[in-house]
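Visitor: 3D, please:
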Amino acid sequence: MARIKHLSISPVSANIFGCDWPSESLPVSIGDSVSVADVSSIIAETNFDLLSPLLISESQIRGLQNIRYALVREFECDDTEKPAEDEKSANILYSLHLGLKVIRPCAGVFQVFHYDLSQTGSRLPRGERNNRGTIVSDCETLNSIRWTDVQELANLGSSILKVLKTPSLPISQAMQSLEIGYRSEFVNSRHLLWVVGLDALFTSTEWRNQGAEVAVGRIEDFLGAGFQIYPPPEDPWQPPVLSLTLHDALPDIYKLRNHLAHGSWPDKQWVGKVCRRSANGLEDIYYGTVLSEAASAALRGCLKKILAEERWVDLFNDKPKMNTYFASHGLFRERKRSKNECNLS
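Guide: Below is the predicted model:
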């Protein structure tokens, strides 16, 4: 049976009108047969109208017709291998989609289109779509993937694909918590999920290695007290950001988690505390929402640092090794001695 060339593409949320991507530098290799590339030529040959039963609206079809950049996997197979290869493509491209979520969250829906390159004339790809779209935080509503993000994905891509092969490992669980948080419309749910992601990395089930105090100390030790929750704007037209460091936000991130998890109301001084205006300038953003955004920023910052170096991947995927490392920094939970014990000593 003849082996035919195929192409799987997953669109990338880039602003094609203000895009800073140098076209002469594409495609950018992410791994074996996987890249970020300009796919406008194959999109121009695609008849998306025939896929309309899979789509929600005509505006989405028009959006697909404007796709320019995508995550791409190339492969060869015969007809009997096609379903397995399509599934492999979807898994690989979804993993890289999660990697982009770590680097720069953008609104949108994960979708994959598989092309048989032996076709001639109008192309009709095999399509897959995840209808649970990304609901970004207010501070991320203007985000689109930039050239620096593509370069960062190229550096982290092999590590992301390796880590996500085993869903039970701590780093995979943290990335899934990040993703599920971005599917929720409710700030409380998002906040809890993102703190669960931090706990998956920095704590474990033993008493001495769990609790908010342990987590806060370890996260700050690893990421740095001065880590900026809101990075400075990259464009002069963007509004100024709130100045907030990890050191200032992290204790309150965990305090809010405790309030939510144990059914109590947040601290009185937080109620009605307006921190800034929304990205559209029409709403007030309260401190609780800022803490939710800070939890996401801290989790993404930790994941980026971990994925960038194999030594950190090995450390955080091995709970005993991780706990030993932070214990050497004095970051573990100790039982407080009672007055009787102190008198006896």
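Visitor: what's the helix or strand for the closest residue to V39 other than its chain neighbours?
Guide: The shortest distance from V39 to any non-neighbouring residue, by Cβ to Cβ, 6 or more residues apart in numbering, is to A70 (4.6 Å). Just so you know, the C-beta spots here come from the backbone N, C-alpha and C atoms, and that holds for glycine as well. According to DSSP states H and E, A70 maps onto strand 69-77.
Visitor: And that strand, what's buried?
Guide: When neighbours are counted by 16 or more other Cβ atoms under 10 Å, the buried residues of strand 69-77 are found to be 69-75, 77.
Visitor: State the next helix or strand along the chain beyond it.
Guide: Past strand 69-77, the next helix or strand by DSSP H and E is helix 82-103.
Visitor: Can you tell me which helices and strands that following helix packs against?
Guide: strand 4-11, strand 34-38, strand 69-77, strand 111-116, strand 126-129, helix 147-163, helix 170-181, helix 287-307 (3 or more Cβ pairs under 8 Å, 6 or more residues apart in numbering; DSSP states H and E).
Visitor: Sheet partners, orientation included, of the third one?
Guide: Counting by DSSP bridges, the strands paired with strand 69-77 are strand 4-11 (antiparallel), strand 34-38 (antiparallel).
Visitor: now it: mean pLDDT?
Guide: Averaging pLDDT along strand 69-77 yields 94.
Visitor: pull the CA atoms of that strand into CSV?
Guide: Taking C-alpha atoms only, strand 69-77 is exported to CSV below (Å, rounded to 0.1, in the frame of the first residue of the first chain):
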residue,chain,number,x,y,z
TYR,A,69,0.5,30.5,11.5
ALA,A,70,0.2,27.1,13.0
LEU,A,71,1.9,24.3,14.9
VAL,A,72,2.6,21.7,12.2
ARG,A,73,3.4,18.0,12.1
GLU,A,74,4.5,16.2,8.9
PHE,A,75,4.3,12.5,8.5
GLU,A,76,4.0,9.7,5.9
CYS,A,77,1.5,6.8,6.2
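Visitor: S29: what secondary structure?
Guide: strand (DSSP: H, G, I helix; E, B strand; the rest coil).
Visitor: residues contacting the closest residue to it other than its chain neighbours?
Guide: Among residues not flanking S29 along the chain, S35 sits closest, at 5.1 Å (Cβ to Cβ, 6+ apart). Residues near S35 by Cβ atoms under 8 Å, 6 or more residues apart in numbering: 27-29, 71-72.
Visitor: doesn't V36 make contact with V28?
Guide: Yes - here V28 reaches V36: they are 4.7 Å apart, a contact under Cβ atoms under 8 Å.
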